[in-house]
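> One predicted model, sequence on top.
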Amino acid sequence: MMVILLMAFVLVSFSFASFERFRVDFPQCTLVYAPSSQTLQISVSGRVLSYGQNWTVRQVYPYLYHLKLNTWSGFYWMVNTSRKEIYRVTGGTFGSVGGSQTQLSVAVDTVGGSGGGVPDRFSLQFSDAYLIYTRASQGIQIAAAGAVLSYGQDWQKTEVYPYLIHIRQNNWSGFFWWVNTSRKEIYLQQGGTFGSVVGGTHTLLDYPVTVFGEQQQQAQTYTLSLSAMAGGSVTGGGQYAAGAVVNLQATPNAGYQFANWRRGSLVLSNQAHFAYTMPAEDVSLSAYFTQSMLPVGYALTLQSDPVAGGSVSGDGNYFAGSTINIQAVPNAGFQFIHWKRGSTIVSNQANFAYQMPSENVVLTAYFSQSVQPLAYTLDLQMNPPTGGTVFGSGSYPPGAWVTIQASVNAGYQFTGWTKTDAFSGWPGVPYSSQTGFGFSMPAENLTLVANFDQQAVYGQPTLGIHIEDHPFGVIVTNVLSGYPAFGKIQIGDILTHIQFLPQGPVSSLGFGMVSIGTNAVSVNVPSGTPIQNTLQLQTMLASMPPGQAIAIWMRRGGVYRLFVALNLGTLFPAAYLF
């Protein structure tokens, strides 16, 4: 048996830079807090770095919040959502006003909370955030604005090579980051195995990497020796580092067909084109061939470029003139480009019929990474549909700045934007009272409804409020200035009962009782007619007898309040709140 020995190299080495620690800078990092769910997240480019397990947040006023990482000492942050400002406070008491305040250069965005109310959420936009990893302790810190945001207790880290570190947050699934300190680059790895260089695909991230304490080290390479037994030739031998993926190719001669790759007596693969992972030792592999049963045949060899881009099928030995169906299937994160023979494009179709010539042929399927940014849907609706039009619907990546606009049709007036409550499913949660505004797209699908009311008929008694149906009555979505309700009724109040009474002097009798003319009513025990929906309340107000006072009971923060209005529809209306 004839053996062709192709490679027989000795062990050599190459240099790389060891390190003490590295730092990854983030151009934009966001801290988001939602008061309703009391949840806090810190994220970069839609990937959560921390879920705020070690943070404490306290609401001082509806618009004022104190925040701190539990390890902070001698200071904390104060966020004013009404003024959209953040301060570093020293010498104060967490949860109380006071102390020395220094404003930070951090942008503050809010959603909801107009008029000094409780916001749906607020976010802090850092431009100086970074992650630092210390090799000796395998410790991670995430910091911004001169303070540590997380000590990385919920992160995993592993050293694959002295210059290659894998890191991930415990809740990440299907991806992780790896940092090459020698090249000063960070990659997003999708698929593959954490702690291993085998499998998956990686994408370079645009985050600067700084390495500290670099020292030149020597890393070994190992010899991969390939031999072809009688009947063909092989390529791919050489010097490789442990863990490297090597593209091996066995090509049978005319009258032969490929059998398998072996290491000694161990069969490694039955594929002529074989991706081999280099171990930490010298290796000798042999390609075996057998004589073809066909009297005349030529070898069709198929390969992928890059190897991780996809798989190919249809290679083998064929008569000249045979038609072969060949196929290229891209892996996740890749897309097929074309088939080539050398530098000539053979087909732009992943699957096509190839006519075999009277010679051996190598065809290569080329793939490219397909980058599809994560996006979420913003759905804008009208209530009722005849009330107006909306603009701004579409798909946006998380963090993108989105501008929406509601236009009002003739005969209607805009009453506010609402959204669906994630907990109760109620669709009337107030979102904004402005017809047009901008906000940062959250990392979730979002549906907003622009609400319109038909304009009131002249002379009809008007309170100056806009309402939506609620399970316990109706809820106030906007209060107009210049009307009796302004300054008395607030957005979010739930109106539960209404009663018409003869007008007269209005005063408090004490002990939760109010005098209206000759009648006395209780603030805490509603009387009159229960309010069932917006249509019922609008009908009752439209048909109110002249010379009557209106008493409306409403719940605010779980407590009943009483609103009384006199002289509606005249030039001298009056209103009271008890």
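Everything's here; your move. Numbering: from 1, shown residues only.

> and the residue lying closest to V197 once chain neighbours are set aside, what helix or strand is that in?
In this structure, V197 finds its nearest non-sequential neighbour in G243, 4.4 Å apart by Cβ to Cβ, 6 or more residues apart in numbering. For the C-beta atoms, the positions are set from N, CA and C on the backbone; glycine is no exception. Assigned by DSSP states H and E, G243 belongs to neither a helix nor a strand.

> For burial, what's the neighbour tally of G243?
Using other Cβ atoms under 10 Å, G243 has 15 neighbouring residues.

> That one touches Y161, doesn't it?
Yes: judged on Cβ atoms under 8 Å, G243 makes contact with Y161 at a distance of 7.4 Å.

> still on that earlier bit, what about the residue nearest to V197, distance to G200?
When distance is defined by Cβ to Cβ, to the nearest Å, G243 is 13 Å away from G200.

> wait, what's in contact with V390?
By Cβ atoms under 8 Å, 6 or more residues apart in numbering, the contact list for V390 reads 380-382, 404-407, 450.

> now do 10 Å
Going by Cβ atoms under 10 Å, 6 or more residues apart in numbering, V390 touches 379-382, 404-407, 417, 435-436, 448-450.

> got those as CSV, with secondary structure columns?
Shown next, in CSV, are these (DSSP: H, G, I helix; E, B strand; the rest coil):
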residue, secondary structure
D379, strand
L380, strand
Q381, strand
M382, strand
I404, strand
Q405, strand
A406, strand
S407, strand
W417, strand
T435, coil
G436, strand
L448, strand
V449, strand
A450, strand
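
> nearest to L268, of the residues you listed?
L268 has its nearest neighbour among the contacts of V390 in D379, at 53.4 Å by Cβ to Cβ.

> Leaving out sequence neighbours, find the closest residue to that closest one.
Using Cβ to Cβ, 6+ apart and skipping residues adjacent in sequence, the residue nearest D379 is T447, 4.4 Å away.

> what's the burial count for that neighbour?
Neighbour tally, T447, other Cβ under 10 Å: 14.

> would you say P430 is within a strand?
Yes: judged by three-state DSSP, P430 forms part of a strand.

> Would you mind confirming that it is in contact with W417?
Yes: applying Cβ atoms under 10 Å, one finds P430 in contact with W417, separated by 7.7 Å.

> between the two, what contacts are shared?
What both P430 and W417 touch, as defined by Cβ under 10 Å, 6+ apart, is the set 112, 451, 477-478.

> Out of the residues you listed, who's the most crowded?
N451 (25 neighbours).

> show me what contacts it?
381-384, 387-388, 406, 412-418, 428, 430, 466-468, 477-478.

> rerun at 8 Å
Contacts of N451 by Cβ under 8 Å, 6+ apart are 383, 387, 414-418, 466, 468, 477.

> What is the burial count for F500?
Around F500 there are 17 other residues, counting by other Cβ under 10 Å.

> What of G98?
Neighbour tally, G98, other Cβ under 10 Å: 9.

> just checking, it is part of a helix?
No: G98 sits outside any helix when classified using three-state DSSP, being coil.

> Can you classify the residue nearest to it when sequence neighbours are not counted by secondary structure?
Excluding its sequence neighbours, the residue lying closest to G98 (Cβ to Cβ, 6+ apart) is G92, at 4.7 Å. At G92 the chain is in coil, as set by three-state DSSP.

> if I look at G92, how far off is G74?
Counting by Cβ to Cβ, the gap from G92 to G74 is 10 Å.

> So for these two, which sits in the more crowded spot?
Higher neighbour count among G92 and G74: G92, with 17 against 7, using other Cβ under 10 Å.

> my read: that one touches S100, true?
Yes: at 7.3 Å, G92 and S100 qualify as touching, with contact defined as Cβ under 8 Å.

> Give the buried residues for stretch 71-86.
Judged by neighbour count (16 or more other Cβ atoms under 10 Å), stretch 71-86 contains these buried residues: 75-82, 86.

> go on, stretch 359-373?
For stretch 359-373, by 16+ other Cβ under 10 Å, it's 360-367, 369.

> thinking again about what came up before, which member of the shared contacts of P430 and W417 is positioned nearest Y560?
If you rank the shared contacts of P430 and W417 by distance to Y560 using Cβ to Cβ, T477 comes first, at 20.2 Å.

> wait, is V179 part of a helix?
No: looking at V179 with three-state DSSP, it is strand, so not inside a helix.

> so what's it up against?
Residues in contact with V179 (Cβ under 8 Å, 6+ apart) are 22, 24, 133, 164-165, 167, 185-187, 209.

> Mind putting the residues you listed into a markdown table with pLDDT and distance to I498?
Below are the contacts of V179 laid out as a markdown table (pLDDT from 0 to 100; distance: Cβ to Cβ, whole Å):
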| residue | pLDDT | distance to I498 |
| --- | --- | --- |
| F22 | 94 | 66 |
| V24 | 96 | 60 |
| Y133 | 95 | 64 |
| L164 | 88 | 71 |
| I165 | 92 | 67 |
| I167 | 95 | 61 |
| E185 | 93 | 67 |
| I186 | 94 | 62 |
| Y187 | 93 | 64 |
| V209 | 95 | 65 |
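
> ok so, going back, can you check the pLDDT for the residue nearest to D379?
With respect to pLDDT, T447 scores 90.

> Check which helix or strand it maps to.
strand 446-454.

> all helices in this protein, in order from the N-terminus.
Secondary structure of the chain by DSSP state H: the helices cover 534-542.

> Worst mean pLDDT across the helices and strands of it, which element?
When each helix and strand of the chain is scored by mean pLDDT, DSSP states H and E, strand 3-5 comes last, with a mean of 36.

> just to revisit the earlier point, list only buried entries from the contacts of V390.
Using 16+ other Cβ under 10 Å, the buried ones in the contacts of V390 are 380, 382, 404-406, 417, 435, 448-450.

> So what's the residue count around the closest residue to S284 other than its chain neighbours?
Leaving aside its chain neighbours, S284 sits nearest to S225 (4.5 Å; criterion: Cβ to Cβ, 6+ apart). S225 is flanked by 16 other residues according to other Cβ under 10 Å.

> Test my guess that S225 contacts G236.
No: checked against Cβ under 8 Å, the pair S225 and G236 is beyond contact range at 10.6 Å.

> quick one, what contacts Y288?
Contact analysis of Y288 by Cβ under 8 Å, 6+ apart lists 229, 258-262.

> Find the residue closest to it in space, skipping its chain neighbours.
Here the residue nearest Y288, using Cβ to Cβ, 6+ apart, is A259, at 4.3 Å.

> how many other residues sit next to the one you found?
Neighbours around A259, by other Cβ under 10 Å: 18.

> With the one 10 residues further on instead?
With neighbours defined by other Cβ under 10 Å, the count for S269 comes to 16.

> Just give the nearest non-adjacent residue to it, would you?
Using Cβ to Cβ, 6+ apart, the closest residue to S269 is W261 (4.6 Å).

> Any figure for the gap between the one you found and A136?
Taken as Cβ to Cβ, the span from W261 to A136 is 42 Å.

> How about G321?
According to Cβ to Cβ, G321 and A136 sit 67 Å apart.

> buried sites along stretch 157-165?
157, 162-165.

> okay, it in PDB with CA atoms only?
Once non-C-alpha atoms are left out, stretch 157-165 reads as follows in PDB (Å, rounded to 0.1, in the frame of the first residue of the first chain):
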ATOM      1  CA  LYS A 157     -17.100  34.000  33.900                       C
ATOM      2  CA  THR A 158     -14.600  31.400  32.600                       C
ATOM      3  CA  GLU A 159     -11.100  31.700  31.100                       C
ATOM      4  CA  VAL A 160     -11.000  29.600  27.900                       C
ATOM      5  CA  TYR A 161      -7.400  30.700  27.100                       C
ATOM      6  CA  PRO A 162      -5.100  33.100  28.900                       C
ATOM      7  CA  TYR A 163      -6.300  35.800  26.400                       C
ATOM      8  CA  LEU A 164      -9.900  34.700  25.900                       C
ATOM      9  CA  ILE A 165     -12.600  35.200  28.500                       C
END
